[in-house]
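just the structure for this:
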Amino acid sequence: MSEDGKWVRAALKRALTVLESKEDELGRLDAAAGDGDHGAGMVRGLTAAVEAAVADEPGEALMQAGTAFADAAGGASGAIYGVLLVALGKRLAASGRVDPPQFVQGLRDAIEAIQQLGKAQPGDKTLLDALVPFVEALEEGVRGGQDLRSAWRQALPVAEEAARATAGLVARKGRSSRLGARGLGHPDPGAVSLTYILRAVEPALPA
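Now for the predicted structure:
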């Protein structure tokens, strides 16, 4: 793998290490509204993504990772992270560069793809409730002239606060929607795991 593509694999490895340490916690969160397999599914998906992301070109490596994640993780999380990684990878591959504006646009592409996949919107108690405000904060930092890592670091607390706030939402999509108001008081496991990944990958991002 060339230097250009190494950051993708490094980022995925960091995410895997963190999610392995959080697997039981995420399982307990998921058990409040689902079957408790969210942590295990994320670890399976990231393990496969690390092994698959071997391309020299970062966009292609991200697309490889997304396809492998979806196949290995299965379920809603597999599909969501599959389209997220593939959408980001397609944007970076098409632009031929990995700069902050292209990264932001790739994440916006990912948001659109996730919304089309699950018909969810912010407020439905999904990972979008953390991802959308994160990307908005990231874009603000990039427009202000920050490099990708600095803008990413600044946006992390926004995502983490938004994930915590999902405890006050009633799920309207997915298995947890069957619980209605009984799901109140528990943050969405997908939003929580997303914040763990976002924080884990920041040091590996291209400068």
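
low-confidence regions, this protein specifically.
Scanning the chain for pLDDT under 70 picks out 1-3, 172-184.

ok, which stretches of it are strands?
Read by DSSP state E, the chain holds no strands at all.

what's the single longest helix in it?
helix 3-31 (DSSP state H).

so which elements touch it?
The criterion is 3 or more Cβ pairs under 8 Å, 6 or more residues apart in numbering; DSSP states H and E, and the helices and strands that helix 3-31 contacts are helix 38-52, helix 58-73, helix 189-201. In this view, the C-beta of every residue, glycine as well, is placed from N, C-alpha and C.

what is the orientation angle of it with helix 58-73?
30 degrees (axes from the mean of the first three to the mean of the last three Cα atoms, to 10 degrees).

got the buried residues for helix 3-31?
5-16, 18-19, 22-23, 25-27, 29-30 (16 or more other Cβ atoms under 10 Å).

how close does the closest residue in space to residue 155 that isn't next to it in sequence sit to residue 117?
Setting aside the residues directly before and after it, residue 155 is nearest to residue 137 in space (Cβ to Cβ, 6 or more residues apart in numbering), at 3.7 Å. For residue 137, the distance to residue 117 (Cβ to Cβ, to the nearest Å) stands at 23 Å.

out of these two, which sits in the more crowded spot?
residue 137 (19 against 14; other Cβ atoms under 10 Å).

what residues are up against the spatially most central residue of the chain?
Centroid check for the chain by Cα atoms, centre = their mean gives residue 194 as the closest residue, at 4.6 Å. Going by Cβ atoms under 8 Å, 6 or more residues apart in numbering, residue 194 touches 127, 130, 131, 159, 163.

now do residue 60
By Cβ under 8 Å, 6+ apart, the neighbours of residue 60 are 5, 89, 93.

one more time with 6 Å
Taking Cβ atoms under 6 Å, 6 or more residues apart in numbering as the criterion, residue 60 is in contact with residue 93.

try residue 53
8, 9, 12, 61, 64, 65.

what's the burial count for the residue nearest to the fifth one when sequence neighbours are not counted?
It refers to residue 64. Excluding the flanking residues, the one nearest residue 64 by Cβ to Cβ, 6+ apart is residue 52, at 4.5 Å. Applying other Cβ under 10 Å, we find 20 residues neighbouring residue 52.
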